[in-house]
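[1] Got a sequence here, can you build the structure:
(chains A and B)
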Amino acid sequence: SAVISQKPSRDICQRGTSLTIQCQVDSQVTMMFWYRQQPGQSLTLIATANQGSEATYESGFVIDKFPISRPNLTFSTLTVSNMSPEDSSIYLCSVRPGLSYEQYFGPGTRLTVT
Amino acid sequence: DAKTTQPTSMDCAEGRAANLPCNHSTISGNEYVYWYRQIHSQGPQYIIHGLKNNETNEMASLIITEDRKSSTLILPHATLRDTAVYYCIVRVEDTGRRALTFGSGTRLQVQP
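    The predicted structure is shown next:
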């Protein structure tokens, strides 16, 4: 299993600023995933972060807007850059440890951009 | 991953069984059926998964048709805490190298 914590749990930010979201896992994992959930919508994968290499971004998401760091096997950050109101969403960190069939999710960071 | 189709929403009375259907007519022989749920303001949570046999755990039962083109998640005695969005996901078992892809799911409302 894996227990995931995220900081901050929520934030209200002004447009044009950036916010860095932290994700901490209680065990070492190779792959970490970042999702976005816009209001009333399902989850959309932003990128996959593998320790020691650059993150792989899904179509529609770019590194300049969502830079990701993965300094070790238990930690990752996602930055939402130059924010606009359209970035108002819940951002979730997720992992799938080792050979586990189960994917675990953090509690999410609720971001509101004004 | 095979495409899945789920009803947008369902209601269920508290204490009764909730039966959530999922169609996956293009499923391949090596693809599993997974169910996750997302309670409001929380991250998704794994419920159950199966390949072709019916499965049961402490949370739910998964019934997969013999042709594997559809499945049903059964919550035997629904409680108010089971109100959530339920996602049916079909994918190959790949030892954790790919992230789950979520569709729109079924919003289950358990009524008192």
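[2] and B:Pro76, how many neighbours does it have?
    Using other Cβ atoms under 10 Å in any protein chain shown, B:Pro76 has 13 other residues around it. From N, CA and C alone the C-beta is placed, and that goes for glycine too.
[3] give the contact list for the nearest residue to it once chain neighbours are set aside.
    Closest residue to B:Pro76 in three dimensions, ignoring its sequence neighbours and counting by Cβ to Cβ, 6 or more residues apart in numbering or on different chains: B:Ala17, at 5.3 Å. With contacts defined as Cβ atoms under 8 Å, 6 or more residues apart in numbering or on different chains, the neighbours of B:Ala17 are B:Ile74, B:Leu75, B:Pro76, B:His77, B:Ala78.
[4] Pick the one among those closest to chain A.
    B:Leu75 (18.4 Å; Cβ to the nearest Cβ).
[5] For beta bridges, what are the partners of the closest one?
    When bridges are called by DSSP bridges, B:Leu75 pairs up with B:Ala18.
[6] for A:Val25, same thing?
    Beta bridges link A:Val25 to A:Ile4 when assigned by DSSP bridges.
[7] Against B:Thr8, how distant is it?
    33 Å (Cβ to Cβ, to the nearest Å).
[8] and these two? which has more neighbours close in?
    A:Val25 (21 against 8).
[9] how about the strands in chain A?
    A:4-7, A:10-13, A:19-25, A:31-37, A:43-50, A:56-57, A:68-72, A:75-80, A:89-95, A:104-105, A:109-113 (DSSP state E).
[10] Tell me which of these sits most buried.
    strand A:89-95 (a mean of 25; mean count of other Cβ atoms under 10 Å in any protein chain shown).
[11] Would you list the strands that that one pairs with, along with their directions?
    Within its sheet, strand A:89-95 is paired with strand A:31-37 (antiparallel), strand A:104-105 (antiparallel), strand A:109-113 (antiparallel), according to DSSP bridges.
[12] in chain A, which residue is closest to the centre?
    The structure's chain A has its C-alpha centroid closest to A:Trp34; by Cα atoms, centre = their mean the separation is 3.5 Å.
[13] ok, now which ones touch the closest residue to that one other than its chain neighbours?
    Nearest-residue entry for A:Trp34: A:Ile46, 4.4 Å, with adjacent residues in sequence omitted and distances by Cβ to Cβ, 6+ apart. With contact set as Cβ under 8 Å, 6+ apart, A:Ile46 has these partners: A:Trp34, A:Tyr35, A:Arg36, A:Tyr57, A:Glu58, A:Phe61, A:Phe66, A:Leu78, A:Tyr91.
[14] switch to 7 Å and redo it
    A:Trp34, A:Tyr35, A:Arg36, A:Tyr57, A:Glu58, A:Phe61, A:Phe66 (Cβ atoms under 7 Å, 6 or more residues apart in numbering or on different chains).
[15] Looking at chain B, which residue is nearest chain A?
    Closest point on chain B to chain A, by Cβ to the nearest Cβ, is B:Gly43, at 2.9 Å.
[16] Tell me the pLDDT of that residue.
    On pLDDT, B:Gly43 comes in at 95.
[17] just A:Thr30 next, same as before
    88.
[18] Could you report the distance from it to A:Val95?
    Separation of A:Thr30 from A:Val95 (Cβ to Cβ) stands at 9 Å.
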